[in-house]
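Enquirer: With the input below, show me the fold.
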Amino acid sequence: MDLKEIRQLIKMLDDTDVSEIEVCQEGSTVRISRGIQPTYMTAPPQHYMAPPQHYMAQAPGYHGAPAAAPALATAETSSDRGNAVVVTSPMVGTFYKSPSPDAAAFVKEGEMVEKGQVLCIIEAMKLMNEIESEHSGRLVKILVDNASPVEFGEELFLIEPV
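Expert: Now for the predicted structure:
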């Protein structure tokens, strides 16, 4: 293929929406492509916001032990909980009380639960993770609403051991 034929191919390519052409003739190959830059689709950045940290101000020049962070107010104090064991979320995800929207809840407040019994499901990255009880006892309180997001370490249930 000579230079004149290659120029004709380039001119033909300019008049179309084709971005690349390859011609094989008599054992030689010519590939012509336009200098079109590829476009990439990117997802918007995901921002994770850490829970606020609480610090107490220290007097200037003080070099002693750091001041303890003030306790955050909670709906229930530890004295209100008695000897109840707290079940926390092992992951970030969405909390579900039942295996499907029309099914009965795994557990209800006041019911007895056995060690290894499924308490809820936490959906994380499209995977359904069953959360099992590590204690036998009476379910005192469910601390999270159905279909609400939960964080790692967030309190889910109170179980009073028997």
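
Enquirer: If we ignore the residues flanking it in sequence, what's nearest T29?
Expert: If you skip the residues right next to it in sequence, T29 has E22 as its closest partner in space, 6.5 Å away by C-beta to C-beta, 6 or more residues apart in numbering. For every residue, glycine as well, the C-beta is placed using N, CA and C.

Enquirer: was I right about that neighbour contacting L9?
Expert: No - counting by C-beta atoms under 8 Å, E22 sits too far from L9 to count as a contact (10.0 Å).

Enquirer: follow-up on the earlier one: then the residue nearest to T29 would be within a helix, right?
Expert: No - assessed with DSSP: H, G, I helix; E, B strand; the rest coil, E22 is strand; it does not lie in a helix.

Enquirer: wait, what's in contact with it?
Expert: For E22, the contacting residues are T29, V30, R31, I32, taking C-beta atoms under 8 Å, 6 or more residues apart in numbering as the criterion.

Enquirer: Quick check: of those residues, which lies closest to L3?
Expert: Sorting those by how near they are to L3, with C-beta to C-beta, puts V30 at the top with 10.6 Å.

Enquirer: Tell me which stretches of this structure form helices.
Expert: Taking DSSP state H as the criterion, the chain contains helices spanning 3-14, 78-81.

Enquirer: what residues go with each domain of this structure?
Expert: Here the domain parsing of the chain from automatic domain parsing is 3-33, 81-161.

Enquirer: winner for burial among the ones you listed?
Expert: Between the domains of the chain, domain 81-161 has the highest mean count of neighbours, a mean of 15, where neighbours are mean count of other C-beta atoms under 10 Å.

Enquirer: just so I know, which of the helices of the chain lies nearest L139?
Expert: Comparison of those against L139 by C-beta to C-beta identifies helix 78-81 as nearest, at 13.0 Å.

Enquirer: quick one: low-confidence ranges for this structure?
Expert: 1, 35-80 (pLDDT under 70).

Enquirer: Recalculate using a threshold of 80.
Expert: Within the chain, the segments meeting pLDDT under 80 span 1-3, 9-10, 12-21, 25-28, 31-82.
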